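Asks: Sequence plus the predicted model coming up.
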Amino acid sequence: MSPITAISTQIHATYPHQPTFLQAVDEVLATLAPALEANSASNADYARVARLLSPERVISFKVIWSDDAGTLQHNIGYRIQFNSALGPYKGGLRFDASVTEDILKFLGFEQIFKNALTGLPLGGGKGGSDFNPKGKSENEIRSFCRAFMTELYRHIGIDVDVPAGDMGVGGREIGYMMGMYKQIVNRSEGVMTGKDPLIGGSLGRTEATGHGVVYFAEAMLREAGKNLVGMTAVVSGSGNVAEHTVRMLIAKGAVVLTMSDRGGYIHKPEGLTESDVNAIMSHKNTGSDLATLTHEGIEYRTGAPWQTVVAEAYFPCATQNEISEADAKVIANHATLVVEGANMPLCNEAVSVLNAAHIPHAPGKASNAGGVAVSGLEMAQNAGHYPWTRERVESELMEIMERIHTTCKEHGTESWGIDYFKGANIGGAKRVLAAMEKLGW
Ligand code: NDP
């Protein structure tokens, strides 16, 4: 049995009840194995890889909050402090009914590599709750956020763990959690990122993930002497990442055909305009579904767009495993590129289909790293007590996305083109494993 097979067997035997985490581990190990073999890795190197798969700390706590009827409710809160070799744990908080330890471990594991790729001093973590924000009043959201922080505050700190937003957690929720943190510790410090600029946030953070996705797509296309002008694009999701990916794609001259939510997708064959996106987002921001949107020229369909809308570029920006193997087989017939805005939106079989078809496709840990990168810049601004201009933040973001692309190219170049999954995994792992070695881990 090869050392990587032994590591894989062991982790599968330990966590058979965490299939999403195992999926993320399998994807990484599959690309690391040949690289370790080619470099005649030592037993100590393999042991370090095995250690990288275990979180440094898994914290779970009860969150008791009051609903509008005055009834006490409770949910489970989590913080997975996965790896701090490169710096304080850093990663978002997700509030969604689907949240489990499995989901957060997969996200925390991916975050280690993503944060390493940014080149910033950031470890990897993730957290959240199975609290479902859908249909909750403003008061209930605030009540939950404050209750969540009364438990989380003791585990975080500017040099320990700096959470941010993710699905179901935006600037509003971060503000409520920060407010509670400040009341408890009586200190003004940047312990969370994604804050409103008025309370210490960075300009450009809200847009950063989506903008970074598009900058990364441009870098990928440049390899083939192409650009986004006139290129048709299918985008999924209608949350933070999708919105700013779509807005930037439109600004770059791409023809965006779709956006989606849990119920279905909207389709406009001539391409969405900036004013269409304003209408879509105003509708979504009232808590409504796309199904009830009435807007000229936009058609609504149930299901997902992958097998029904033909495009040159695909940007899955909603959630994990949204593209199946069957979807990928259809996409492979006409795609020029696939760029992940969400974390792990392709199942591993879908990744293999695109690989076999030699279609450039970027993993979220590389292409959606712009969000955490600007969070890192927010930490720098907070530590320096000095806010940067939007232009400075955007220009640093562009530079970081270029650097991540260069790393992927350096470690992922194959005879047929760039294997971005391989490049991102090896590039990220090299930095983390070297740091672990220097720390004596
Ligand atoms: P939001 O909560 O703002 O939006 C999520 C979107 O995805 C919504 O449109 C939601 O639909 C849709 N969605 C959620 N679950 C499903 C599902 N099971 N099937 C179909 N659609 C679904 O989240 P974000 O935009 O922040 O995050 C999207 C993805 O990007 C996640 O994978 C996240 O981890 C990743 N990411 C986010 C970053 C950030 O800075 N926010 C940074 C890096 C990665 P509905 O409106 O119906 O709820």
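Replies: Thanks, I have the structure now.
Asks: for stretch 222-230, how far is the first residue from the last?
Replies: 15 Å (Cα to Cα, to the nearest Å).
Asks: Then stretch 284-296?
Replies: Stretch 284-296 has its terminal residues 16 Å apart, counting by Cα to Cα.
Asks: quick one: contacts of that stretch?
Replies: 134-135, 238-239, 259-266, 276, 279-280, 283, 300, 302 (Cβ atoms under 8 Å, 6 or more residues apart in numbering). Using the backbone N, CA and C atoms, a C-beta is placed for each residue, glycine as well.
Asks: redo that, cut-off 6 Å
Replies: Applying Cβ atoms under 6 Å, 6 or more residues apart in numbering, the set of residues contacting stretch 284-296 from outside is 238, 261, 263, 266, 279, 283, 300.
Asks: cool, and stretch 383-390?
Replies: Residues outside stretch 383-390 that contact it (Cβ under 6 Å, 6+ apart) are 203-204, 381.
Asks: go again using 7 Å as the cut-off
Replies: The contact list for stretch 383-390 (Cβ atoms under 7 Å, 6 or more residues apart in numbering) reads 190, 197, 202-204, 381.
Asks: Next, the buried residues of that stretch.
Replies: 387-388 (16 or more other Cβ atoms under 10 Å).
Asks: Check stretch 291-311 too.
Replies: In stretch 291-311, counting by 16+ other Cβ under 10 Å, buried: 293, 295, 298, 300-301, 304-306, 309, 311.
Asks: tell me the mean pLDDT over it?
Replies: Mean pLDDT, stretch 291-311: 96.
Asks: Same question for stretch 4-21.
Replies: Averaging pLDDT along stretch 4-21 yields 97.
Asks: and that stretch with the ligand, contact?
Replies: No: on the criterion Cβ under 6 Å from any ligand atom, stretch 4-21 is out of touch with the ligand, staying 11.7 Å away.
Asks: Just the CA trace of that stretch, in PDB.
Replies: Written as PDB, here are the backbone C-alpha positions of stretch 4-21 (Å, rounded to 0.1, in the frame of the first residue of the first chain):
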ATOM      1  CA  ILE A   4      -0.900   8.200   0.500                       C
ATOM      2  CA  THR A   5      -3.300   5.200   0.200                       C
ATOM      3  CA  ALA A   6      -2.500   4.400   3.800                       C
ATOM      4  CA  ILE A   7      -3.300   8.000   4.800                       C
ATOM      5  CA  SER A   8      -6.500   8.000   2.800                       C
ATOM      6  CA  THR A   9      -7.600   4.600   4.200                       C
ATOM      7  CA  GLN A  10      -7.000   5.800   7.800                       C
ATOM      8  CA  ILE A  11      -9.000   9.100   7.300                       C
ATOM      9  CA  HIS A  12     -11.900   7.300   5.700                       C
ATOM     10  CA  ALA A  13     -12.000   4.800   8.500                       C
ATOM     11  CA  THR A  14     -11.900   7.600  11.100                       C
ATOM     12  CA  TYR A  15     -14.600   9.900   9.500                       C
ATOM     13  CA  PRO A  16     -17.000   7.600   7.600                       C
ATOM     14  CA  HIS A  17     -19.900  10.000   8.700                       C
ATOM     15  CA  GLN A  18     -18.300  13.100   7.100                       C
ATOM     16  CA  PRO A  19     -18.500  12.400   3.300                       C
ATOM     17  CA  THR A  20     -18.100  16.100   2.300                       C
ATOM     18  CA  PHE A  21     -14.900  16.500   4.300                       C
END
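Asks: what's the distance between that stretch and the middle of its chain?
Replies: 23 Å (Cα atoms, centre = their mean, to the nearest Å).
Asks: Could you chop the protein up by domain?
Replies: As assigned by automatic domain parsing, the chain contains the domains 3-52, 57-187, 206-367.
Asks: quick one: which of those is nearest Arg392?
Replies: Of all these, domain 206-367 sits nearest to Arg392, with 13.0 Å by Cβ to Cβ.
Asks: That closest one vs the ligand: in contact?
Replies: Yes: Domain 206-367 reaches the ligand (Cβ under 6 Å from any ligand atom) through 209, 237-242, 261-262, 284, 317-319, 322, 341-343, 364.
Asks: Kindly check the end-to-end length of that domain for me.
Replies: Using Cα to Cα, one end of domain 206-367 lies 16 Å from the other.
Asks: For Thr413, give me its contacts.
Replies: Thr413 is in contact with no residue at all, counting by Cβ under 7 Å, 6+ apart.
Asks: circling back to that earlier point, just the buried ones from the contacts of stretch 284-296, in ChimeraX syntax?
Replies: To isolate the buried members of the contacts of stretch 284-296 in ChimeraX, using 16+ other Cβ under 10 Å:
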select :238,261,266,279,283,300
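Asks: which two from the contacts of stretch 284-296 end up farthest apart in space?
Replies: It's Gly263 and Ala279 that sit farthest apart of the contacts of stretch 284-296, by Cβ to Cβ, at 17.5 Å.
Asks: and whatever residue of the stretch 151-300 of the chain ends up closest to the ligand, what are its phi and psi?
Replies: With Cβ to the nearest ligand atom as the measure, Gly239 is the residue of the stretch 151-300 of the chain nearest to the ligand, at 1.7 Å. The phi/psi pair for Gly239 (degrees, to the nearest 10) reads phi -110, psi -160.
Asks: tally of neighbours for it?
Replies: Using other Cβ atoms under 10 Å, Gly239 has 21 neighbouring residues.
Asks: Need the CA coordinates for stretch 133-149. CSV is fine.
Replies: Coordinates of each C-alpha in stretch 133-149 appear next as CSV, following Å, rounded to 0.1, in the frame of the first residue of the first chain:
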residue,chain,number,x,y,z
PRO,A,133,-31.9,32.9,8.6
LYS,A,134,-34.7,32.4,6.0
GLY,A,135,-37.9,34.0,7.0
LYS,A,136,-36.4,35.4,10.3
SER,A,137,-37.1,39.0,11.3
GLU,A,138,-34.4,41.6,11.7
ASN,A,139,-34.9,41.3,15.4
GLU,A,140,-34.4,37.6,15.4
ILE,A,141,-31.3,37.8,13.2
ARG,A,142,-29.8,40.3,15.7
SER,A,143,-30.8,38.2,18.7
PHE,A,144,-29.2,35.1,17.1
CYS,A,145,-26.0,36.9,16.1
ARG,A,146,-25.6,38.4,19.6
ALA,A,147,-26.2,35.0,21.3
PHE,A,148,-23.7,33.3,18.9
MET,A,149,-21.0,35.8,19.8
